[in-house]
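**Q** show me how the following folds:
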Amino acid sequence: GHAGQVELRAFGPDDLDAVQAFVDIDNARHVDAPWMHPATVYRRQMYMRFGWDGDPAPHYLAHAGGGPVGFLVVHMSSWDNLELAWLEPVVHPDHRRRGLGTALMKAAEELCSDIGRPLLGADGWDSESTRAFAASVGLERKSQSVNRRQHLAELPPGLIDGVYAEARAQ
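**A** Next comes the predicted model:
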């Protein structure tokens, strides 16, 4: 694929080939966040049907050079922030550093302009490559969140009972 040669193709939860391609790309991108749980076709179909809070997000596979090289999810609320679209642009790790992400963002901006969502946001895992990409497409860091996971089996025996007793006393 060459820069600028990204075609967004919408798909729905019943298009199993497209959902599987999406899930495969989603799992491949876990190189950026190896602690993430693997994506599954079922969970993606449910998200596509029901969204986060009843607002299903349009899903697109990003095609270049004959096949899907990434995806775009456009998260929007029908309740508030009606000018905002929260973008989830992803390029498969095997296809990065070729201008596809830039082309994907350009296509996303055009799509969102056409549907009346001029205010755009996106997020990504904190890394030099994420920061460089965001800057290259004109995105500035406006907020930061932290994702932590506690493996309960690694806690010392008895710790939970002690913490529970201490909390209960309060």
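
**Q** shaky segments in this protein?
**A** 1-4 (pLDDT under 70).

**Q** what about the strands in it?
**A** 7-11, 59-64, 67-75, 84-91, 119-122 (DSSP state E).

**Q** by contact count, what packs against the longest helix along the chain?
**A** Using DSSP state H, we find that the single longest helix of the chain is helix 100-114. Under the contact criterion of 3 or more CB pairs under 8 Å, 6 or more residues apart in numbering; DSSP states H and E, the helices and strands touching helix 100-114 comprise strand 7-11, strand 59-64, strand 67-75, strand 84-91, strand 119-122. Using the backbone N, CA and C atoms, a C-beta is placed for each residue, glycine as well.

**Q** need those strands in TSV (columns: distance to residue 157 and mean neighbour count).
**A** Conversion of these to TSV gives the following (distance: least, CB to CB, whole Å; neighbours: other CB atoms under 10 Å):
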stretch	distance to residue 157	mean neighbour count
strand 7-11	49	16
strand 59-64	45	22
strand 67-75	42	21
strand 84-91	41	21
strand 119-122	43	15
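
**Q** for the strands of the chain, give me JSON lines that also has distance to residue 26.
**A** Putting the strands of the chain into JSON lines (distance: least, CB to CB, whole Å) gives the following:
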{"stretch": "strand 7-11", "distance to residue 26": "14"}
{"stretch": "strand 59-64", "distance to residue 26": "11"}
{"stretch": "strand 67-75", "distance to residue 26": "7"}
{"stretch": "strand 84-91", "distance to residue 26": "7"}
{"stretch": "strand 119-122", "distance to residue 26": "16"}
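
**Q** circling back to that earlier point, and the longest helix of the chain, what's buried?
**A** For helix 100-114, the neighbour count (16 or more other CB atoms under 10 Å) marks 100-105, 107-109, 111-112 as buried.
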